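In: what would the 3D arrangement of this be:
(chains A, B, C and D)
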Number of protein chains: 2
Amino acid sequence: MNTLSYALLAFLAREQSSGYNLMLRLQPFWPAKHSQIYPLLSHMESEEYLTSTWIVQCEKPDKKLYSITEKGIRKLKEWLYVPLADPITRDELSMKTFCMWLTDLENAIEIIESRKAHLVKKLDGFQLKIADKVLEDLKFGTPEFYDYMLFQKAIFTTTSGIEWTTMMLEILKAQRTKQND
Amino acid sequence: MNTLSYALLAFLAREQSSGYNLMLRLQPFWPAKHSQIYPLLSHMESEEYLTSTWIVQCEKPDKKLYSITEKGIRKLKEWLYVPLADPITRDELSMKTFCMWLTDLENAIEIIESRKAHLVKKLDGFQLKIADKVLEDLKFGTPEFYDYMLFQKAIFTTTSGIEWTTMMLEILKAQRTKQND
DNA sequence: CAACACATGTAAGGCGTTACATGATTAA
DNA sequence: TTAATCATGTAACGCCTTACATGTGTTG
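Out: Prediction:
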């Protein structure tokens, strides 16, 4: 089983859900397309980690509701004792920064600005979601408590990205005024 | 051409290098195995973005030195005007945090500790490398200037990771003493 | 009327890892 | 003597994206 499979189990351990809904909720943590998720869910059902039933809906297409089995929960709990893998980040911006000396100052500024805009937009989305959540109100050890932790994680990384781009832009823009003197 | 190809061009735009050396230097920014790099370099040579010559070494195996061509440099410069792709991060820790409510407090602490240890070790490596580099000494627009920026980027993200794990551990450990009362 | 959200699935191809294959030198 | 570093290459397989395929209901 790969990490995506465990990610699906992790969501289904909280509540039953359709493949489509799993795909949407998974995006922030482990981006995957529906074409990857649907076959995986089928396979996991054949391995008896999941069960499914068709739900007939009016004004919407029918959907297949997946539920986790006892075997699935056991598998998920075991995974929590397997040594943690290192995170993998692949950021084009690192490579573009590495060869930025080959381009003009205006383009360099535009590249960093585009990343900063992306991060600011992302952070704005977080603030909305977290507005009604305060640590004191959360009971320790509940799913909601760990949701809060995960949001904090996302906020920390996004904020540090914004700080770096801001620093970069200050230095680059200072250079622009210097060049115009 | 994919991002890895541009990454190879980016390194070769600075100095000629062997495939093996490119593989090593690429790891922090765009992790890739030699089995992926060697065929790519061959292909890029056939497209005339690179040229190569065999270097005979004593007490070491022979190596193939790659150099970037004019065509390769043009291609790399063009890439710097292509809209920036979003970074992709896949972190098992996010998924494990999401289902951490299913495990015991001691295991939760151990998971976060292992990530913190990994990040602290990584940061220590950076401090050594950057010890002899100070922004004031760097001439703007040089490759070394952008190296410094890249190190800053790595330090920012690693530091924010350490801050999050530290916060997490404080909360989890406070809970541990509460449970022992 | 076009685009988007909901909903599921398959097929093809590109990207990335692991394993196979070889071989010298050096450090623990 | 076992492992690590240097050095290049191929083969097989798994992961991920893009495209193909279908259909309804809502919003602009």
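
In: and chain B, is stretch A:92-112 touching that?
Out: Yes: counting by CB under 8 Å from any CB of the partner chain, chain B has neighbours in stretch A:92-112: A:92-103, A:105, A:107, A:111. C-beta: built from backbone N, CA, C; applies to glycine.

In: output that stretch as CSV, restricted to C-alpha atoms.
Out: C-alpha atoms of stretch A:92-112 as CSV (Å, rounded to 0.1, in the frame of the first residue of the first chain):
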residue,chain,number,x,y,z
GLU,A,92,10.4,25.1,-10.0
LEU,A,93,11.1,28.4,-8.3
SER,A,94,14.3,27.0,-6.7
MET,A,95,15.6,26.1,-10.1
LYS,A,96,14.5,29.4,-11.6
THR,A,97,16.2,31.3,-8.7
PHE,A,98,19.4,29.2,-9.4
CYS,A,99,19.6,30.6,-13.0
MET,A,100,18.1,34.0,-12.3
TRP,A,101,21.5,35.7,-13.0
LEU,A,102,20.8,34.9,-16.7
THR,A,103,17.7,37.1,-16.9
ASP,A,104,16.9,40.8,-16.4
LEU,A,105,15.9,42.4,-13.1
GLU,A,106,12.3,43.1,-14.2
ASN,A,107,11.7,39.5,-15.0
ALA,A,108,13.3,38.3,-11.8
ILE,A,109,10.9,40.6,-9.8
GLU,A,110,7.9,39.3,-11.8
ILE,A,111,8.8,35.7,-11.1
ILE,A,112,9.0,36.3,-7.3
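
In: need phi/psi at residue A:63.
Out: Backbone torsions for residue A:63, taken as degrees, to the nearest 10, come to phi -140, psi 160.

In: likewise residue A:104?
Out: Dihedral angles (degrees, to the nearest 10) for residue A:104: phi -80, psi 160.

In: tally of neighbours for it?
Out: 12 (other CB atoms under 10 Å in any protein chain shown).

In: from residue A:110, how far out is it?
Out: With distances taken as CB to CB, to the nearest Å, residue A:104 is found 10 Å from residue A:110.

In: could you do residue A:125 as well?
Out: Taken as CB to CB, the span from residue A:125 to residue A:110 is 23 Å.

In: more neighbours: which of these two?
Out: Higher neighbour count among residue A:125 and residue A:110: residue A:110, with 15 against 12, using other CB under 10 Å.

In: and the helix or strand hosting residue A:21, what does it pack onto?
Out: Element membership for residue A:21 (DSSP states H and E) is helix A:19-26. In terms of contacts (3 or more CB pairs under 8 Å, 6 or more residues apart in numbering or on different chains; DSSP states H and E), helix A:19-26 is packed against helix A:3-12, helix A:34-46, strand A:63-68.

In: distance between the longest one and the chain's centre?
Out: In this view, helix A:34-46 has its centroid 20 Å away from the chain centroid, taken as CA atoms, centre = their mean, to the nearest Å.

In: try the last one
Out: Taking CA atoms, centre = their mean, one finds the center of strand A:63-68 at 22 Å from the center of the full chain.
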